[in-house]
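Visitor: Can you look at this prediction? I've put the sequence above it.
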Amino acid sequence: MSYPVRTIPPVPTAIDRQIEALAAEQHGLIGHAQAIEVGATERAIRHRRESGRWLVHRPSVYRLPGTPRGWRVDLRAAILAAGGTAVASHLSAAALHSRSTPFWGRRSFGEPAGVRAR
């Protein structure tokens, strides 16, 4: 006689709650460095990726399941991937911070004056 396999949902930790709160402010995304900053270990990050709790959106940027895809998510992911000082600029920044449709051209982002990209 076989029994059905029942999966038990993971119990969110304090780190998971911090990451979820941060991701809620960033279109459902979390950067690898941000996860480390709030206390996640490399092992914990790998486990969340492999279990599907985090989806790889870009290298070093993860998306929480259920996050809608779209240009805002892609732009925020590019900013997170570029590093902590990167920002959206010009029309991309205007579109990101409003509810309007983006300018249908190249999206732009950069870093504050005096900071070099890695």
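Guide: That came in fine, so what should we check first?
Visitor: What pLDDT does the model give residue 94?
Guide: At residue 94, the pLDDT value in this model is 78.
Visitor: quick one: it from residue 75, how far?
Guide: 12 Å (CB to CB, to the nearest Å). Glycine gets a C-beta too; all of them are placed from N, C-alpha and C.
Visitor: The two: who's more crowded?
Guide: Here residue 94 and residue 75 are compared on neighbour count by other CB atoms under 10 Å; more neighbours surround residue 75, at 20 against 13.
Visitor: what's around residue 97, how many residues?
Guide: 10.
Visitor: Number the residues from 769 up from this point.
Guide: Sounds good: first residue 769 from here, last item residue 865.
Visitor: What is the least confident helix or strand in this protein?
Guide: Every helix and strand in the chain was compared by mean pLDDT, DSSP states H and E; the lowest is strand 877-878, with a mean of 56.
Visitor: I'd say residue 830 and residue 802 touch.
Guide: No. In this structure, residue 830 is not within contact of residue 802 by CB atoms under 8 Å, at 9.5 Å.
Visitor: Have a look at the two and say which one is more surrounded.
Guide: When neighbours are counted by other CB under 10 Å, residue 830 and residue 802 differ, and residue 830 comes out ahead with 25 against 20.
Visitor: Need the per-residue pLDDT for the most centrally placed residue in the chain.
Guide: Residue closest to the average C-alpha location in the chain (CA atoms, centre = their mean): residue 797, at 1.9 Å. The score at residue 797 is 96. That number is its pLDDT.
Visitor: and if you look at the one 10 residues further on?
Guide: At residue 807 the predicted local distance difference test score is 94.
Visitor: Just give the nearest non-adjacent residue to residue 806, would you?
Guide: Excluding the flanking residues, the one nearest residue 806 by CB to CB, 6 or more residues apart in numbering is residue 786, at 4.6 Å.
Visitor: what about that neighbour, neighbour count?
Guide: Counted with other CB under 10 Å, residue 786 comes out at 17.
Visitor: any idea how far residue 850 is from it?
Guide: 22 Å.
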